[in-house]
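A.B. asks: With the sequence up front, the predicted model follows.
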Amino acid sequence: MIIRREYLTRIRKKSFLIMSILGPFIFAAYVLIPMYFATMEDKEEKTVVVIDDSKLFTQYGPQGPSFVVPETEYLKFIIIEGVSLETYQAGFDETGYYAVLFIPSNILASESSLIYSTNQTSIEVTGYIKQSMEEEIEHLKLASHDIQDIEQILMEVETSLNVRNIKWTKDGKTQESNTGVIMGVGYLGGLMIFFFIFFFGSQVMRGVIEEKTSRIIEVIVSSVRPFQLMMGKIIGVGLTGLTQFLIWIFFSFILITGLKAAFFPELNQTPTEQVVSSDLFDSGAMNPAGQAMMDEELDMVEEIFTSLKSINPAVMIGSFLFYFIFGYLLYAAMFAVIGSAVDNETDTQQLILPVILPLILGIYVMLSAMNNPDGPLPFWFSMIPFTSPVVMMVRIPFGVPWWQVALSGSLLVGTFIGMTWVAGKVYRTGILMYGKKNNYREIWKWLRYSS
Amino acid sequence: MNLITADAVVKDFSGHRALNRVSMEVPEGSIYGLLGPNGAGKTTLLRIINQITAPDEGAILFEGQPINSDHRSQIGYLPEERGLYKKMKVGEQALYLAQLKGLSKSEAMKRLKIWFEKFEIGDWWGKKVEELSKGMAQKVQFITTVLHEPKLLIFDEPFSGFDPINVNLLKQEILQMKKNGATIIFSTHNMASVEELCDHITLINASETVLQGEISHIREQYRTSRYLVTFTGDREKLTGGLDSRFELLYMEENGMGQKATFRIREGEGSGDLIRNLVEITEIKAFHEILPSMNDIFIEVVNDASKKN
C-alpha cells in the first residue's frame, strides 16, 4: 500500500512527466554543452606583432617581411623591424594589437621567447605559437647538422601506430574493443548511479520531512510499523526512479536511432550494422556475423558498436541494476534517517554532507579507475560499500574477477541490511521528535536508547 | 471486561520521566477521559497504547493480551497534532488511510460515501487537503479515524479547532459509536465535555496518576456539602431563623425568585437543613451543588503541585 501510494503520487506529478521527457535531452545537454564550449574557437581576430631579433623566423617575400609561422583564420602576424621593444611598449595600447612576440637573438641556445601584452594572452594563442616555433626550431637545428635528405628520412621515420585491442573470449573467438568506448560505458553507468542515488535519495528525505511537518506521520505509524513505512517509502521512490530511467532509456534509444538514421544513413544499409545494434539491445548472445566484420577499415561508429559488443551486455546490465538498486537502497536509508531527524529542509544541509561525501569520493576514484581499473585504489574503493556502486561500475566493463564482484556485492548487501536496521531504529525515534535541531551525536543517542 | 489495561507504565525521555507507573483500566464499551494539564504525559500514554512508542517498563493489555501489531487495525487514533498529506486529494487520502487499516477498497469506498454525506462534505472528494480550511481538514481526519469501525477509538483533544455546531456533531457521533459497542478513550481540557460524555476518568499530573475512577464516584468524593435553595419569603426571617449548624454563603434575587447557597457543617444531613428552612421560608427548589469536573481538576492539580 505504502509503496503504491509513494509510487503513484510521484508518477502522477507533472514534474515527473516533464522530467521523463526532458531527461534525455538534459542529460545529452550536460554532456554536449561542455564539449561544445571546449571546442568553440575564439572568433575574434587577433593580430600579434613579432619583433624578431634573431632574424631566424622572418621570411622575405615580395610583400615584404613575414613571419614563418603560418597565419590562421583568426590569428594574424605582423613583422616589425628596427623598433626596440621598449619604444613599442610605450605606445602599445593605441595600436590595437593583441600582443607582442619578442624573439631574442639567442633563441636557439636559450630556447625561450617572450610574449608581451596588456591582457592575459589566451592559452590557444600561446600554444599555437609555441608549437609552431618548436617545429621551426627543430627544423633549424636538424638543418645545422647538415645531413643529406634529412627531410625525407624524417618523413619515413614518422609513424602513427594504431593499437587495436583484441580480446580472446572463452569460446576461442576474438573480439575487438576500444578502451575509450569501454571507459565511456563504465563512466556513464557510474555517473547514472551517482545521479540516481543523489536525486531519489533526497526525494526519500523530502518525503519523510513532508510527513513529519504535515504531522500525518502519527496517524500512519499508528496503522503500520515505522519500519514498514520507511521501507515502503524507499521502495516506492526507487520504483519511481526505475520507471523514469526506463522511460529515459526508451527515449534515448529512439533519439539515438533517430540521430543515427539522420546523420549516418549509409550505415543503416549495411546488414552487419543492424545485426550489431539489435544484438546489443536484445541479448548477450554473440552473433558470428559480427565477428566476421574485423576489417581494417572499420568505420568509427561501427568500431564503437563492436566495442560495446565486447562488453557482455548481460553482465553489464545485470551488475548495473544490482549496484543501482542496492546502492540506492543503502543511501536511501541514510537519507531517510536525515529526514527523520530534522523539522524542515533547511536543517538538512549539515547532516547531508557526511552522507554524500563518500559518493563524491566515489566519483573521483571512478575517474582514476578509468586509467587503471585494476589498481589498488579502485580495488579497495570498489569493495567499500559506500563507494562500490559508483567505482565498480567503471571497472566491470574492463572485466573484473568474479570473486571481487561477489565480495563487493555481498558487502554492499550486508551493509544495506545493517544500515536499514540501524536506520529503522533511528527513524522510529526521529519521526516523533519536533522542535529540536539534531546532530549526529543526538542520532547516535537515539540508536542506543531505543536498543 | 477491560478492553485496555495499562499496567504500571513507565516512559523515560532523555533526562525526564514522562510517565511514572501509570495504571489504567478502560472497561469495554465505555468512554474514558484522560485528563491533565499540558505536558502531563497524556499524549505519551496514548502513543504507547497506539504502539507508536514502546513503554520502558510496564505493559499494555488489549482484551487481556499483551498488545501487538495485529491490534493496530482495531484501533483508530486521532492525534492531537492533526495532519494529512497536503498535496493528496481528500478522497484518495481517505481511501489510502482506510486501506492501511486493513479495509478493502470497495468497503472503504462504501463507508466513505456514507460518512461524507453525513458530514455534508461530499463535494470535497476531489479537493486537495491544502485547499481545505483547518476545520474542514479536521472533519476529514475524524472520518479517516473512525472509518474502519475499530473496537477502540483514541481521540487526542478531539474538539479543539471545531466550532460549537461541529463539536455537537462530534459528540453525537462519539455517543453513537459507544452505543454501537466501541470503546473510546479521549484526552481533553474541555471539562464540560468530560461531564457530558465520560464514564471514567484518569487525571494525570506531572507524569503521575492523581485521580482515577468513575466520574459519579469522583464527584461524590469531592462533594462540598453545599446546597442551593430557591425560595420565596422574607430574607430577614431567613437569616434570623437559620440554625447555627448551617452557614449561609451567598444570597441573590432575580426575576425567578430568591436563591441562597448554604453549607452544612460536617456530620449533619441535608434533611435537617430542609426541616429548618421549611419553618422559616417557602422552599421552591432544593438541590445539592456537586462540584464540576472543572473545579475538581483545578483543585487536584493545585494540590498536587503544592505537594511537590
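C.D. replies: Structure's in. What do you need?
A.B. asks: Flag every residue of chain B that's near chain A.
C.D. replies: When proximity is defined by CB under 8 Å from any CB of the partner chain, chain B lies next to chain A at B:14, B:47, B:50-53, B:69, B:72-73, B:75, B:77, B:79, B:81-88, B:96-97, B:99-101, B:141, B:144-145. All C-beta atoms are positioned from the backbone trio N, CA, C, and that covers glycine.
A.B. asks: Enumerate every residue touching the residue of the stretch 1-150 of chain B found nearest chain A.
C.D. replies: Proximity of the stretch 1-150 of chain B to chain A (CB to the nearest CB) peaks at residue B:83, 2.9 Å away. Shown in contact with residue B:83 (CB atoms under 8 Å, 6 or more residues apart in numbering or on different chains): A:211, A:214-219, B:141.
A.B. asks: I'd like those as TSV, with pLDDT, secondary structure and distance to residue B:303 appended.
C.D. replies: As requested, those are exported to TSV (pLDDT from 0 to 100; DSSP: H, G, I helix; E, B strand; the rest coil; distance: CB to CB, whole Å):
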residue	pLDDT	secondary structure	distance to residue B:303
A:211	82	helix	41
A:214	77	coil	40
A:215	77	coil	34
A:216	80	coil	39
A:217	80	helix	37
A:218	80	helix	33
A:219	80	helix	36
B:141	86	helix	36
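A.B. asks: Out of the residues you listed, which is nearest to residue A:369?
C.D. replies: Nearest to residue A:369 out of the contacts of residue B:83 is residue A:211 (CB to CB; 38.6 Å).
A.B. asks: Check the gap between that closest one and residue B:158 for me.
C.D. replies: 22 Å (CB to CB, to the nearest Å).
A.B. asks: same deal with residue A:56?
C.D. replies: 98 Å.
A.B. asks: now residue A:53
C.D. replies: 97 Å.
A.B. asks: same thing with residue B:206?
C.D. replies: With the distance defined as CB to CB, residue B:206 ends up 24 Å from residue B:158.
A.B. asks: what about residue A:56 and residue B:158, which has more around it?
C.D. replies: Taking other CB atoms under 10 Å in any protein chain shown, residue A:56 and residue B:158 do not tie; residue B:158 has more neighbours (26 against 15).
A.B. asks: Looks to me like the more buried one is in a helix.
C.D. replies: No. Residue B:158 sits outside any helix when classified using DSSP: H, G, I helix; E, B strand; the rest coil, being coil.
A.B. asks: where does it fall, phi/psi-wise?
C.D. replies: phi -70, psi -20 (degrees, to the nearest 10).
A.B. asks: That one touches residue B:185, doesn't it?
C.D. replies: No. Look at residue B:158 against residue B:185 with CB atoms under 8 Å: they stay out of range, at 10.6 Å.
A.B. asks: OK, contacts around residue 234?
C.D. replies: Going with chain A. A:204, A:329, A:332-333, A:336.
A.B. asks: You answered for a different chain; I wanted chain B.
C.D. replies: residue B:281.
A.B. asks: okay, now the domains of the chain?
C.D. replies: No chain specified, so I'll use chain A. Following automatic domain parsing, one gets these domains for chain A: A:46-144, A:177-264+A:312-450.
A.B. asks: look at chain B instead
C.D. replies: B:2-220, B:224-289.
A.B. asks: now those domains in CSV, with distance to residue A:159?
C.D. replies: Shown next, in CSV, are these (distance: least, CB to CB, whole Å):
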stretch, distance to residue A:159
domain B:2-220, 66
domain B:224-289, 114
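A.B. asks: so of these, which one's packed in deepest?
C.D. replies: domain B:2-220 (a mean of 18; mean count of other CB atoms under 10 Å in any protein chain shown).
A.B. asks: Do a quick rundown of the strands in chain B.
C.D. replies: B:2-13, B:16-27, B:31-35, B:57-62, B:65-66, B:75-78, B:152-156, B:183-187, B:200-205, B:208-214, B:226-232, B:246-254, B:257-264, B:282-289 (DSSP state E).
A.B. asks: list the helices and strands the first one packs on?
C.D. replies: Pointing back at strand B:2-13 there. strand B:16-27, helix B:42-49, strand B:57-62, strand B:183-187 (3 or more CB pairs under 8 Å, 6 or more residues apart in numbering or on different chains; DSSP states H and E).
A.B. asks: Turn these into JSON lines, including mean pLDDT.
C.D. replies: Converted to JSON lines, the helices and strands packed on strand B:2-13 look like this (pLDDT from 0 to 100):
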{"stretch": "strand B:16-27", "mean pLDDT": "86"}
{"stretch": "helix B:42-49", "mean pLDDT": "87"}
{"stretch": "strand B:57-62", "mean pLDDT": "87"}
{"stretch": "strand B:183-187", "mean pLDDT": "90"}
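A.B. asks: follow-up on the earlier one: can you add distance to residue A:198 and give the strands of chain B back as TSV?
C.D. replies: Below are the strands of chain B laid out as TSV (distance: least, CB to CB, whole Å):
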stretch	distance to residue A:198
strand B:2-13	35
strand B:16-27	39
strand B:31-35	46
strand B:57-62	42
strand B:65-66	44
strand B:75-78	36
strand B:152-156	38
strand B:183-187	43
strand B:200-205	47
strand B:208-214	50
strand B:226-232	72
strand B:246-254	74
strand B:257-264	74
strand B:282-289	69
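A.B. asks: which among the contacts of residue B:83 gets closest to residue A:231?
C.D. replies: For the contacts of residue B:83, the nearest to residue A:231 is residue A:211 (14.1 Å; CB to CB).
A.B. asks: correct me, but that closest one touches residue A:219?
C.D. replies: No. Contact between residue A:211 and residue A:219 fails when scored by CB under 8 Å: they sit 9.6 Å apart.
A.B. asks: the more surrounded of these two?
C.D. replies: residue A:219 (26 against 22).
A.B. asks: Surely that one touches residue B:76?
C.D. replies: No. Under the criterion of CB under 8 Å, residue A:219 makes no contact with residue B:76, lying 9.5 Å away.
A.B. asks: The nearest residue to residue A:110 once chain neighbours are set aside - how many residues pack around it?
C.D. replies: Leaving aside its sequence neighbours, residue A:110 sits nearest to residue A:104 (CB to CB, 6 or more residues apart in numbering or on different chains; 6.4 Å). Residue A:104 sits with 16 neighbouring residues when counted by other CB under 10 Å.
A.B. asks: Much appreciated, bye for now.
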